[in-house]
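> Predicted structure and sequence below. I'll ask about it afterward.
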Amino acid sequence: MISVRRAAAALTAAAAVLSTAATGTASAAPAPSASTAALPPGLYGKGDPTYDGVWRQSLAFLAQRATGYQPADQAVDWLLGQQCADGSFASYRPDTTKPCDATTTRDSNATAVALQALGAVRREAADPTKIDTAVKTGYGWLRGVQNKDGGWSYTPGGPSDANSTSIVVSALAASGVKPGSYTSTEGHTPYDALLALALPCADDEGPGAFAYQPDKAGELLANADATAAATLAGLGKGITAVKATPPQAPTCVDLSEPTVERAALNGASYLAKALVQTGHLATPPLPGATETEPKPDFGNTADAVVALAAAGTARLAEPALQWLEQNAAPWAKESGPAAYAQLILAARAMEADPREFGKVDLVEALNATGPAPKTPDTSAASTEDEDESFLGFDVWWIIGIGMVVGVGIGFLLSGRKK
């Protein structure tokens, strides 16, 4: 998940630079920070936040709430301050005194995960009303940039991809909204977009998997990270999912009339087979790289563990969780808060203790990467559906009214970038 986000952000930046060179117009891509010596207070992690500032902050919040902690007010204020006036988030805004404009790269992934994180911390926040306003405007923005096929791309204007669509579904599910009811202007749902990226069981290269996007020839290629994300989304769950019961064996079945739930279970079957040999997922070497062997992919392995647990196939994820316990500590220490959060959520999904993860207390390690959180409330540790109803009827009534008005004034036509 982390590597995919950074790669997507880097590609967005490169594309924007090329666009600037070709057209002479302003670019929407942020430039990497020259120094991280003056990182803003309240931000988690010490690494360059250009491509993952909002993402890592949000994952840290979700993992802290999952273990009963409430992020410090300073940390919550930092995340709120990253939001643009239209409700969107960029990956990172170094200068929040300047309003977002046409050069600001809006990011559907950062927006969705930030909204989910803000919803999770709302109950114990110093100013819940401020969070309510931020969440309302954020979901309104996501609605406005939903693609015709029902999905989302990393940045508005591109074709839908499984990862971006899935993280929006995760946020919607956490807010208490049924993702299948979130239709595009063409009447398509996020699940329609995901089904279009599902490979059949008969596919020899990736039976039951999901593709990230079709390739240039329109072919669907199996992608483990996309499969983990889409499996959770197809089940109506997300990155904070917990173990499902009763347990079941993963199977791959093609239906004459495909359903997103069946596609999700097919995805779990693919992930189980992908993990069976080594206990972990791997990233193939990039073209032109000096390395010739695949590298272990800790983040995507953690995501796959959550997906299998949510699908009721936790038993088959146990070797992968054990592998993470034995090997992931150096990766998490180097990668920072988002990595610690992924491991915490994987442990939690499997009902393991994140405070005794191998030789590491993941909770203590995560909390040490940012402002000290508030004392945990052990009587009400966060669960996946803790804040499912916090948005309530009023938010969606307001968004619905906004959509009707938008149709009248042409907002949807101009804002529908995907």
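Here it is on my side, so go on.
> quick one: low-confidence parts of the stretch 1-150 of the chain?
When residues are selected by pLDDT under 70, those of the stretch 1-150 of the chain lie in 1-37.
> What segments of it are strands?
Here the stretch 1-150 of the chain has no strands by DSSP state E, counting those that start in this stretch.
> now do the stretch 151-300 of the chain
Going by DSSP E, counting those that start in this stretch, the stretch 151-300 of the chain shows strands at 282-283, 295-296.
> Would you reformat those as JSON lines and include mean neighbour count and mean pLDDT?
Bear in mind the C-beta positions are built from the backbone N, C-alpha and C, glycine included. Supplementary listing: the strands of the stretch 151-300 of the chain in JSON lines, determined by neighbours: other Cβ atoms under 10 Å; pLDDT from 0 to 100:
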{"stretch": "strand 282-283", "mean neighbour count": "16", "mean pLDDT": "90"}
{"stretch": "strand 295-296", "mean neighbour count": "14", "mean pLDDT": "94"}
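> Indicate which one of the ones you listed is closest to L235.
Of all these, strand 282-283 sits nearest to L235, with 24.8 Å by Cβ to Cβ.
> residues in contact with the closest one?
Outside strand 282-283, the residues that touch it by Cβ atoms under 8 Å, 6 or more residues apart in numbering are S3, P294, K295, P296, D297, N300.
> how about a cut-off of 6 Å?
By Cβ atoms under 6 Å, 6 or more residues apart in numbering, the surrounding residues in contact with strand 282-283 are P294, K295, P296, D297.
> Would you mind checking which of those residues is nearest to Q116?
For the contacts of strand 282-283, the closest approach to Q116 (Cβ to Cβ) belongs to D297, at 23.2 Å.
> so where do the helices sit in the stretch 151-300 of the chain?
For the stretch 151-300 of the chain, the helices defined by DSSP state H, counting those that start in this stretch cover 162-174, 190-195, 224-234, 260-275, 298-310.
> measure L62 to L115 for me?
Here the criterion is Cβ to Cβ, to the nearest Å. By it, L62 lies 11 Å from L115.
> out of these two, which sits in the busier spot?
Using other Cβ atoms under 10 Å as the criterion, L62 and L115 rank with L115 on top: 29 against 25.
> Can you tell me which residue is spatially central in the chain?
The centroid of the chain falls nearest to I167 when counting by Cα atoms, centre = their mean (4.0 Å).
> pLDDT score for that one?
Looking at I167, its pLDDT stands at 97.
> picking that back up, need the strands of the stretch 151-300 of the chain in CSV with distance to T375, can you?
Below are the strands of the stretch 151-300 of the chain laid out as CSV (distance: least, Cβ to Cβ, whole Å):
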stretch, distance to T375
strand 282-283, 39
strand 295-296, 36
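> What is the burial count for A85?
9.
> Next, give phi and psi for it.
For A85, the backbone dihedrals are phi -60, psi -30 (criterion: degrees, to the nearest 10).
> V54 versus S166, what's the distance?
Separation of S166 from V54 (Cβ to Cβ) stands at 17 Å.
> The two - which one has more neighbours?
For S166 versus V54, the count of surrounding residues by other Cβ under 10 Å is larger for S166: 32 against 26.
> what are the phi and psi angles of V360?
phi -120, psi 140.
> Next, count neighbours for it.
18.
> Compute the number of surrounding residues for the residue lying closest to it once chain neighbours are set aside.
In space, and not counting its chain neighbours, V360 is closest to A329: 4.9 Å by Cβ to Cβ, 6 or more residues apart in numbering. Residues lying near A329 (other Cβ under 10 Å) number 20.
> A329 and L362 touch, don't they?
No. In this structure A329 lies outside contact range of L362 using Cβ atoms under 6 Å: 9.0 Å.
> shaky segments in the stretch 301-418 of the chain?
Within the stretch 301-418 of the chain, the ranges that satisfy pLDDT under 70 run 377-418.
> Tell me which stretches of it form helices.
318-327, 329-335, 337-349, 362-367, 392-409, 411-415.
> For the third one, C-alpha coordinates in CSV please.
Which is helix 337-349. Provided in CSV are the C-alpha atoms of helix 337-349 (Å, rounded to 0.1, in the frame of the first residue of the first chain):
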residue,chain,number,x,y,z
PRO,A,337,4.3,5.5,11.0
ALA,A,338,2.2,4.1,8.1
ALA,A,339,4.2,0.8,8.2
TYR,A,340,3.7,0.5,11.9
ALA,A,341,0.0,1.2,11.4
GLN,A,342,-0.3,-1.5,8.7
LEU,A,343,1.3,-4.1,11.0
ILE,A,344,-1.0,-3.1,13.9
LEU,A,345,-4.1,-3.5,11.7
ALA,A,346,-2.9,-6.8,10.4
ALA,A,347,-2.3,-8.1,13.9
ARG,A,348,-5.6,-6.8,15.1
ALA,A,349,-7.4,-8.4,12.1
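> now the angle between helix 224-234 and that helix, please.
With axes from the mean of the first three to the mean of the last three Cα atoms, to 10 degrees defining the directions, helix 337-349 sits at 50 degrees from helix 224-234.
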